[in-house]
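**Student:** Predicted model follows, preceded by the sequence.
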2 protein chains.
Amino acid sequence: MPDPTTMTTGDGATEALSPIAVPHVVVLGAGFAGLTAVKALAGAPCKVTLIDRRNYHLFQPLLYQVATAALSPADIATPIRSILRRQKNAAVLMARVEGIDLQHRRVLLEDRTIPYDYLVIATGSRHAYFGHDDWEPLAPGLKKIDDATQIRRRLLLAFERAETCTDPIEHRRLLNFVVVGGGPTGVEMAGAIAELARHSLVDDFRAINPAEARVILVEAGPRLLPAFPESLSAESKRALEKLGVEVMLGRPVTDCTASGVMVGEIAIPSRTVVWAAGVAASPAARWLGAEKDRLGRVIVGPDLSVSGHPEIFVTGDTAHVPLPDGSTVPGLAPAAKQMGAYAARAIRARIAGTTVPPFKYRHLGSLATIGRAAAVADFGRFKLKGRLAWLLWGIIHVGFLNTYRSRTLVALQWIWAYITYGRGARLITSPGVDPE
Amino acid sequence: MPDPTTMTTGDGATEALSPIAVPHVVVLGAGFAGLTAVKALAGAPCKVTLIDRRNYHLFQPLLYQVATAALSPADIATPIRSILRRQKNAAVLMARVEGIDLQHRRVLLEDRTIPYDYLVIATGSRHAYFGHDDWEPLAPGLKKIDDATQIRRRLLLAFERAETCTDPIEHRRLLNFVVVGGGPTGVEMAGAIAELARHSLVDDFRAINPAEARVILVEAGPRLLPAFPESLSAESKRALEKLGVEVMLGRPVTDCTASGVMVGEIAIPSRTVVWAAGVAASPAARWLGAEKDRLGRVIVGPDLSVSGHPEIFVTGDTAHVPLPDGSTVPGLAPAAKQMGAYAARAIRARIAGTTVPPFKYRHLGSLATIGRAAAVADFGRFKLKGRLAWLLWGIIHVGFLNTYRSRTLVALQWIWAYITYGRGARLITSPGVDPE
């Protein structure tokens, strides 16, 4: 087997390494799971290469705030290199993964291959359209920064166009906003759009009244936030309706066109549809030729490794990890972090010739914010709603941001927004927009 | 003549207007000149429509800090609507101007026309390639937010690619950064790139040493900052060289290709070239069929109006305003603001049936920053350099930002960057980048 250290990076890195070849751990994806795994391998007798196609770690739980103009992308994205700058055994590679050569134990990139001794797959998930991939350009989802700035652009352009639109039918359509999916992202998006329209943009327009904007949240299932206790689902519906959001339950979106969405027989004309209805795992199962579940997640063993490949661990949203109650570990940041940390512990043990007990998920609680001073929280034994849950949500999210810089900037902008009702990042950017 | 109020906006605005038709002032461009003109017309007996193809006012003097990852776009861009939300006689229209129908006094937009009684043109300037427009994609300039994020992406990607590049010639080329033009923007860009490479990115890479980056500033004229006194030009050269910038004076760039630039006989291989060598006015002169200077600026009369069209004022970077010493009013933010305020005063006087004395430019001083704790300032009677000039530069720029929000966020990030040497907005974004 070739020495992984010389093939992976240039001269600088090789010199920095010990002359004795240490195992090479390759981690794919710098989300919560991947980044936690790399950090948990600090000081371990191995070399770690973290591969991501972006140069930053994204704090995804706050991405909807970029989409609704409350925060800037850089407030919730941190350069991966700067997070790992002090970790001497870690290198970062910005590249797109094309596949995995299981037999020769190497990751295939566009223009080269990276050999590994251990592999941690943490490539996450993206939105899924359940067989309607043609809906994607019409109803963008919210996974990447570019998604968020695209949704922000669409939202703000809809108001700009409504301001000058003299056709009353088109005017109405421009001011209808549809959010598809009643999970945490959908609830947060719907609440934030309603706030944007009814508070932040009030006074800004002359020919339209932003408060005439309708925000419609469509959920196929019988209640919002299906992962939460029913009382909190009902509470979140009440809080959204107080903000002016129309909640449609038990009805799936049956069609999606450039003119709007169909919910069964009901036509909702709209120029701005946001997709928050479902996710599918990254193509890791295909790379591995491994067994996967309905959502494309890789079925892993009790130690998160892949059947027949004890050297490969799958973590985060890409992994299907059964729970005793028949469900699976949810796609939440704390779950991803636990899996990343576990994979690192398992690799450390493997290198040391010992073993670790099976992965055990500890559910820390569920939180979703609905709007200004409204949120729901479920910590099993106790549940919270309203202002207190919202404060807790804010404190926890600021606390989990990666850098003091992000924490300060986000906290400051939230306090500002709370006092002024304003949203500071209302920029229509990106090339190719008309009017350019 | 049709009633301007009914053609311009929808029903809401018409109702808000006084039933007596007031003159309609149309302002093109929401830069420093245009925005100042609109604000100076607050409370005047007229209706004002501000047209810009973007939805935000950009604080352009700090745009280079977005390009070099120190600030986020939203920190220096403010939604025009929110700036003018309290000004009841002002409406904002996001649209692209296609031309002006002088005879019928109306502005031509893509899909409609806007009649005016008075017109203020403040459409600014953009970078000029002096007959080499094919250089534009190779050496982007810095006028818009999209320019800044594009340059940021190129800068950061160059380091990412150098990290994995095994070809020593390509490696070298990736780490050569060329800035063309030694005016304030070129000096600021060169200094900021050098700081980024030598301070902010140190420790972030394993295979390359960011300090091996070369930053080359090419100026065709005999000295940097030609608008400043010679002693400060020399000082800025010294300060840049201290930062590691190589300054080439008296030599124009003669060719620009995908592989680098030619400076006479000297070939500089480079993948990242930034154009800061010149500007040309917007196409206002063409719209007006008016006399223009070499830079495309409209020759205006003593009251900034266009010959034969006393109802049209041209302001800011679009206007050629001669000074007693034979030069012209410079393309600086304070000059643009003075012209915008003057145009508003002139219109108020015209409406009231009185007159105003000719426009008189008051030069407040020149400031340019070179890097960390280094700047030059020229206030005629006294000159400043070094740390004190830099502090002054910072205070003045924070003070001139449009909102308290921007001021706080910018000041905070500068203090942070000063203490940590870090740059927080190091994101490679925008679609269509490889690796996507």
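**Tutor:** Perfect, I can see it now.
**Student:** Can you give me the distance of the most centrally placed residue in chain A to residue A:145?
**Tutor:** Nearest to the mean C-alpha position of chain A, counting by Cα atoms, centre = their mean, stands residue A:60 at 4.0 Å. With the distance defined as Cβ to Cβ, to the nearest Å, residue A:60 ends up 10 Å from residue A:145. All C-beta atoms are positioned from the backbone trio N, CA, C, and that covers glycine.
**Student:** One more: residue A:407?
**Tutor:** As judged by Cβ to Cβ, residue A:407 and residue A:145 stand 19 Å apart.
**Student:** Settle it for me: which of those two has more neighbours?
**Tutor:** Each of residue A:407 and residue A:145 had its neighbours counted (other Cβ atoms under 10 Å in any protein chain shown), and the higher figure belongs to residue A:145 (22 against 16).
**Student:** ranges for the strands of the stretch 51-200 of chain A?
**Tutor:** Listed in chain order, the strands of the stretch 51-200 of chain A (DSSP state E, counting those that start in this stretch) span A:56-58, A:77-79, A:90-94, A:97-101, A:106-109, A:113-115, A:118-121, A:125-127, A:176-180.
**Student:** Show me the shaky parts of chain A.
**Tutor:** A:1-20, A:424, A:430-436 (pLDDT under 70).
**Student:** residue contacts, residue A:135?
**Tutor:** When contacts are counted by Cβ atoms under 8 Å, 6 or more residues apart in numbering or on different chains, residue A:135 is found next to A:129, A:256, A:275.
**Student:** same thing but 7 Å
**Tutor:** Residue A:135 makes contacts with A:129, A:256, as judged by Cβ atoms under 7 Å, 6 or more residues apart in numbering or on different chains.
**Student:** the helices in chain A, which residues?
**Tutor:** Here chain A has its helices, by DSSP state H, at A:4-8, A:11-16, A:32-40, A:63-67, A:80-83, A:145-164, A:168-174, A:184-195, A:230-242, A:284-288, A:333-352, A:386-400, A:404-420.
**Student:** for these, which one sits closest to residue A:209?
**Tutor:** Taking Cβ to Cβ as the measure, the helices of chain A were each checked against residue A:209, and helix A:145-164 came out nearest at 9.9 Å.
**Student:** circling back: can you say which of the strands of the stretch 51-200 of chain A is nearest to residue A:38?
**Tutor:** With respect to residue A:38, and counting by Cβ to Cβ, the nearest of the strands of the stretch 51-200 of chain A is strand A:90-94 at 5.5 Å.
**Student:** List the pairing partners of the closest one within its sheet, with orientation.
**Tutor:** Using DSSP bridges, the strands paired with strand A:90-94 in its sheet are strand A:47-52 (parallel).
**Student:** which residues make contact with the partner strand from outside it?
**Tutor:** Strand A:47-52 has contacts (Cβ under 7 Å, 6+ apart) with A:5, A:8, A:17, A:22, A:24-30, A:34, A:38, A:41, A:80, A:84, A:89-95, A:97, A:107, A:114.
**Student:** what's the angle between that strand and helix A:32-40?
**Tutor:** Between strand A:47-52 and helix A:32-40, the angle comes out at 160 degrees (axes from the mean of the first three to the mean of the last three Cα atoms, to 10 degrees).
**Student:** what about dumping the CA coordinates of strand A:47-52 to PDB?
**Tutor:** Output for strand A:47-52, consisting of C-alpha atoms alone and laid out as PDB, is shown next (Å, rounded to 0.1, in the frame of the first residue of the first chain):
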ATOM      1  CA  LYS A  47      -2.900  11.800  10.300                       C
ATOM      2  CA  VAL A  48      -6.300  13.200   9.500                       C
ATOM      3  CA  THR A  49      -7.500  14.700   6.100                       C
ATOM      4  CA  LEU A  50     -10.800  16.400   6.000                       C
ATOM      5  CA  ILE A  51     -12.300  16.700   2.600                       C
ATOM      6  CA  ASP A  52     -15.200  19.100   1.800                       C
END
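**Student:** Verify the stated contact: residue A:377 with residue A:392.
**Tutor:** Yes - when contacts are counted by Cβ atoms under 7 Å, residue A:377 is listed as touching residue A:392 (5.9 Å).
**Student:** Which residues are in contact with each of those two?
**Tutor:** Taking Cβ under 7 Å, 6+ apart as the contact rule, residue A:377 and residue A:392 both touch residue A:384.
**Student:** Number of residues surrounding the residue in the stretch 151-300 of chain A that chain B sits nearest to?
**Tutor:** Using Cβ to the nearest Cβ, the single residue of the stretch 151-300 of chain A nearest to chain B is residue A:207, 3.3 Å away. Counted with other Cβ under 10 Å, the neighbours of residue A:207 add up to 21.
**Student:** pretty sure it contacts residue A:163?
**Tutor:** Yes - checked against Cβ under 7 Å, the pair residue A:207 and residue A:163 is within contact range at 5.1 Å.
**Student:** returning to that earlier point: looking at the helices of chain A, which is closest to residue A:363?
**Tutor:** Evaluated over these, closeness to residue A:363 peaks at helix A:333-352, with 7.9 Å, by Cβ to Cβ.
**Student:** any idea of the angle the closest one forms with strand A:47-52?
**Tutor:** Using the same axes, to 10 degrees: helix A:333-352 against strand A:47-52 is 150 degrees.
**Student:** Could I get the buried residue list for helix A:333-352?
**Tutor:** Going by neighbour count (16 or more other Cβ atoms under 10 Å in any protein chain shown), the buried part of helix A:333-352 is A:333-348, A:350-351.
**Student:** Stretch A:214-231 too?
**Tutor:** Using 16+ other Cβ under 10 Å as the burial criterion, the residues of stretch A:214-231 that qualify are A:214, A:215, A:216, A:217, A:218, A:219, A:220, A:223, A:224, A:225, A:228.
**Student:** just stretch A:409-417 next, same as before
**Tutor:** When neighbours are counted by 16+ other Cβ under 10 Å, the buried residues of stretch A:409-417 are found to be A:409, A:410, A:411, A:413, A:414, A:416, A:417.
**Student:** Identify the residues contacting the second one.
**Tutor:** By Cβ under 7 Å, 6+ apart, residue A:410 lies in contact with A:71, A:75, A:398, A:401.
**Student:** any idea how far residue A:428 is from the residue nearest to the centre of chain A?
**Tutor:** According to Cβ to Cβ, residue A:60 and residue A:428 sit 23 Å apart.
**Student:** ok, how many other residues are close to the closest residue to residue A:235 other than its chain neighbours?
**Tutor:** Ranked by Cβ to Cβ, 6 or more residues apart in numbering or on different chains and with sequence neighbours excluded, the top spatial neighbour of residue A:235 is residue A:385, at 4.8 Å. A count of neighbours around residue A:385, defined by other Cβ under 10 Å, yields 20.
**Student:** which residues does residue A:385 form a beta bridge with?
**Tutor:** Bridge pairing for residue A:385 - DSSP bridges - gives residue A:376.
**Student:** Would you check that it makes contact with residue A:376?
**Tutor:** Yes - at 5.0 Å, residue A:385 counts as touching residue A:376 under the criterion of Cβ under 7 Å.
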